[in-house]
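Visitor: based on what follows, work out the 3D shape:
(one chain, ligands or ions: 1)
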Amino acid sequence: MGSLFDLPEESPATPPAPAADQPLAARMRPRTLEQFVGQTHLLGPSSALRTAIQSGEPHSMILYGPPGTGKTTLARMLAEYADAAFEELSAVEAGRQQVREVMERARERRRSGRHTIFFLDEIHRFNKAQQDALLPAVEEGLVVLVGATTENPYFEVNSALISRAQVYELQELTAEDIAGLLRRALDEVGASVSDEVIEFISSRSAGDARSSLNALELALDTAQRTGQPVTLADAEDAMQRKALRYDKAGDQHYDYISAFIKSVRGSDPDAGLYYLAAMIEGGEDPRYIARRIIVLASEDVGNADPQALPIAVAAAQAVEHVGLPECTYALSQATIYLAMAPKSNVAGTAFGRARAEIRDNGAKIPPTALRTAAYPAAKKLGRGIGYDYPHDHPGHINDQEHLPEGREHLRFFDPGEAEPELRERLKRIRDARGRD
Ligand SMILES: Nc1ncnc2c1ncn2[C@@H]1O[C@H](COP(=O)(O)OP(=O)(O)OP(=O)(O)O)[C@@H](O)[C@H]1O
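Guide: Residues are numbered from 1 along each chain as shown. Sure, this is the predicted structure:
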């Protein structure tokens, strides 16, 4: 995928044919609908997407789907068929300045009657303000925006943008689709491999055309060096080598977040920072990390340090407002704070006990004195009668029974040793109320 640094000064009418030294996946990128495989649910004969491409009248859209399934390819085709200029940025790297430059070039082009397709990869990586800044250009038709995302856009893209764009969901390619692409690529480069190798790569590629073409290319390189035909072992090795990268959608994504959470829970700031950096460098969405940090704050620190939750929520807000790369300060601060904070899992265990009681015995009706007295006939039903206002008592504590009849014995909250003040206070309250 090109970065903004590859952008030509003036985008040509049609994207240039890929040079021979480009990766096989780039050389094999379809330039016509006939070469594009799969996604038939989106590209039926009179579908909106096919019509938009073929008629050369593209509209703004969000392409949502797993990696290597054709999002960039479709965007390029939209430009190619419409004879529009193609501008490409990645929301991971680009800032306001780059977006402004794209818009300026689009304005320039519009004067000579030429349209611009603005392909914004990983659009969900822009924060709310950055996404909002795109609205006017979309609204006035200065560019046709094609956003690509691997994350559910209904959660990750501003609703204002979604409502101005069509959302199309791409699916993983099937193993047969991928096998077909591999065969076509072999034809193109004048090489051959056994059916077994093709089947191996296509069945292991999780529907990702790019990664399977990369694996085939690596395996062909190895075989060329040894002068032997490609073996299954070469293919396996090639698949593994490409899997070494941090894989945002796969197991590593879960391994790293899991190790991160366990390190912070284990009061190990260094390991926490290590996994945080691994995720950020691997292209993980900082908002995903922030959400996990919020959970961690209550699950593992809780009221042992009640500042933990506000700090985690503030870090998530900072991520939202600031975006990468500066939001890493907030993530790092929250990671260190949570790792160093005293730990308690009482919030989770106490709620777990309460939930088990409800699940086992059902929810009983609250005592009449606690039920709402706010509607006219309530008093007649005795609701609220007998309610004793705690503030009328010394220490603002009375002995009113709050639990339902028959369940008065229930106790869920058992402050941990990390919450000595709460333990002390709870004892005083229970004494004053005459409870154990
Ligand atoms: N549906 C498809 N038909 C034919 N080739 C495809 C298809 N999808 C992907 N490819 C091949 O995979 C390469 C990468 O595809 P593309 O860049 O369109 O993926 P993408 O969905 O944008 O992925 P990412 O989310 O990783 O950016 C293309 O250059 C092409 O060779």
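
Visitor: what pLDDT does the residue of the chain most remote from its centre get?
Guide: In the chain, Lys380 marks the outermost C-alpha relative to the chain mean, sitting 53.5 Å out by Cα atoms, centre = their mean. Per-residue pLDDT puts Lys380 at 73.

Visitor: please apply the same query to Gly180.
Guide: Looking at Gly180, the pLDDT reads 95.

Visitor: how about the residues of the stretch 301-436 of the chain by the ligand?
Guide: Within reach of the ligand by Cβ under 6 Å from any ligand atom, the stretch 301-436 of the chain has no residues at all. Where C-beta positions appear, they are placed from N, C-alpha and C, glycine not excepted.

Visitor: for the residue nearest the centre of the chain, what is the enclosing helix or strand?
Guide: The chain has Glu151 as the residue nearest its centroid, 4.8 Å off, counting by Cα atoms, centre = their mean. Here Glu151 sits in a region with no helix or strand, counting by DSSP states H and E.

Visitor: go ahead and confirm it touches Ile123.
Guide: No. Using Cβ atoms under 8 Å, Glu151 makes no contact with Ile123, being 9.2 Å away.

Visitor: list the buried residues in stretch 151-163.
Guide: Counting neighbours by 16 or more other Cβ atoms under 10 Å, one finds that the buried residues in stretch 151-163 are 151, 153, 156-158, 161-162.

Visitor: could you give the average pLDDT over it?
Guide: Averaged over stretch 151-163, pLDDT sits at 88.

Visitor: what's in contact with it?
Guide: 62, 64, 123-124, 128, 131-132, 134-135, 138, 145, 147, 149, 167, 285, 287 (Cβ atoms under 8 Å, 6 or more residues apart in numbering).

Visitor: tell me which of the residues you listed is nearest to the ligand?
Guide: Taking Cβ to the nearest ligand atom as the measure, the ligand sits nearest to Thr149 out of these, at 8.2 Å.

Visitor: and that closest one, how many residues sit next to it?
Guide: 22 (other Cβ atoms under 10 Å).

Visitor: ok, it touching Pro67?
Guide: No. Taking contacts as Cβ under 8 Å, Thr149 lies outside contact range of Pro67: 10.8 Å.

Visitor: hang on, the earlier thing: can you redo the buried residues of stretch 151-163 as CSV with distance to the ligand?
Guide: What follows is those, written out as CSV (distance: Cβ to the nearest ligand atom, whole Å):
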residue, distance to the ligand
Glu151, 11
Pro153, 13
Glu156, 14
Val157, 15
Asn158, 20
Leu161, 18
Ile162, 19
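
Visitor: other residues contacting the lengthiest helix in the chain?
Guide: Longest helix in the chain, counting residues (DSSP state H): helix 209-226. Applying Cβ under 8 Å, 6+ apart, the external contacts of helix 209-226 come out as 23-25, 28, 37, 67-70, 173, 177-178, 181-182, 185-186, 189, 191, 193, 197, 201-202, 205, 229-231, 234-235, 237-239, 241-242.
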